[in-house]
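Trainee: Build me a structure from this.
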Amino acid sequence: PECAEQYIDYLKEIGNLDECAKYYVGILNNDHFTSRQGKSTHQLWNELCELVSKNPTKIKSVPVEPIIRQGILKYKDQVGQLWTSLADFYIRSGCFEKVK
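Mentor: Numbering: from 1, shown residues only. Now for the predicted structure:
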């Protein structure tokens, strides 16, 4: 947990995005986690949403749609950005009917 963000960066570098998403979820669910890079929970949440929405075919272990929807409920000031992430996820997944 102390080097969580370094591990996330490493997972991104080697292309293990599924494990990266799982690790993000783990630290975001840990109420005692403190970012060594000074990132807020909000910033980490946005990073996770961007990762999963742009890589839907590479993320298998975490439920992408519920994660983004949870962010929409949790971060009222970022609703527009998160809805865009959800639409991006649907488009990249080929679920065009859900984009509406």
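Trainee: Centre-most residue in this structure?
Mentor: Centre of the chain computed as the mean C-alpha position; nearest residue by CA atoms, centre = their mean is Leu48, 1.8 Å away.
Trainee: can you give me the helices for the protein?
Mentor: Taking DSSP state H to define them, one finds helices in the chain at 4-14, 17-28, 41-54, 64-74, 79-93, 96-99.
Trainee: Could you dump those into TSV and include distance to Thr34?
Mentor: In this view, the C-beta of every residue, glycine as well, is placed from N, C-alpha and C. Listed next are those as TSV, based on distance: least, CB to CB, whole Å:
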stretch	distance to Thr34
helix 4-14	10
helix 17-28	10
helix 41-54	10
helix 64-74	19
helix 79-93	24
helix 96-99	36
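Trainee: just to revisit the earlier point, could you check the distance from the residue nearest to the centre of the chain over to Asp9?
Mentor: Separation of Leu48 from Asp9 (CB to CB, to the nearest Å): 14 Å.
Trainee: before we move on, back to that, between the helices of the chain, which has the poorest mean confidence score?
Mentor: Mean pLDDT per stretch puts helix 96-99 lowest among the helices of the chain, at a mean of 69.
Trainee: and Pro66, how many neighbours does it have?
Mentor: Neighbour count for Pro66, taken as other CB atoms under 10 Å: 9.
Trainee: wait, I meant Leu17
Mentor: 18.
Trainee: That one - nearest residue in space that isn't next to it in sequence?
Mentor: Of all residues not flanking Leu17 in the chain, Lys58 sits nearest, at 4.5 Å (CB to CB, 6 or more residues apart in numbering).
Trainee: Quick check: phi and psi on that neighbour?
Mentor: For Lys58, the backbone dihedrals (degrees, to the nearest 10) come out as phi -100, psi -10.
Trainee: Tell me the predicted confidence for it.
Mentor: On the pLDDT scale, Lys58 gets 93.
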